[in-house]
Structures are given as structure tokens and as C-alpha cells.
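K.L.:
Predicted structure and sequence below. I'll ask about it afterward.
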Amino acid sequence: MNDSIRQNLIDAGCDSEFIKMFESCISDKRKCEKLLAAHRRELLDEVHAKEDNISCLDYLVFMMKKEDLK
């Protein structure tokens, strides 16, 4: 695997275990694509969880401001 692919995986948040798995399947394009898709889903799940956290905080701020108006 060339250095730019390795760096791209690191930049995408892949740990050393993931990179080793990716290296082992480099000759099987379909397997690598599935591995990348699974990692992408994990990252997206994390984003959605953080969005939920932000929504809860926004609601709390809204309710606190609403209580001040009474």
C-alpha cells in the first residue's frame, strides 16, 4: 500500500488495526470497499449521536430561556 493511501486512512480516523485489515484485502477490491463502507457507517453513526447530543443541549437552553420569560 502506498503512503498516500495509508495517510488517507489515518486522516479518515482509521486505527492501525483497521489499516492492517485494509492491507490484507488490498488485492480484493470488493472486500476493501465493504470495509471502507462499514467504517463510513460507523463514523456517520457517531455524527448522528453527536447531533442528538447537540439537540438535547439546544432544547435545554431553550427551556431555560423560556423559564426566564415567565
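P.N.:
Ah, there it is. Residues are numbered from 1 along each chain as shown.
K.L.:
Flag every buried residue along the helix or strand containing residue 4.
P.N.:
Counting by DSSP states H and E, the element that carries residue 4 is helix 3-11. By 16 or more other Cβ atoms under 10 Å, the buried positions in helix 3-11 come out as residue 9. C-beta here means a position set from N, CA and C on the backbone, and glycine is covered the same way.
K.L.:
which outside residues touch that helix?
P.N.:
Defining contact as Cβ atoms under 8 Å, 6 or more residues apart in numbering, one finds that helix 3-11 is touched by 18-19, 22.
K.L.:
after it comes which helix or strand?
P.N.:
The first helix or strand that comes after helix 3-11 along the chain, using DSSP H and E, is helix 16-24.
K.L.:
Return the set of buried residues in that following helix.
P.N.:
Neighbour-count burial for helix 16-24, counted by 16+ other Cβ under 10 Å, picks out 18, 22.
K.L.:
Give me the helices and strands touching the helix or strand just after that helix, please.
P.N.:
Counting by DSSP H and E, the next helix or strand C-terminal to helix 16-24 is helix 29-69. Using 3 or more Cβ pairs under 8 Å, 6 or more residues apart in numbering; DSSP states H and E, the elements in contact with helix 29-69 are helix 16-24.
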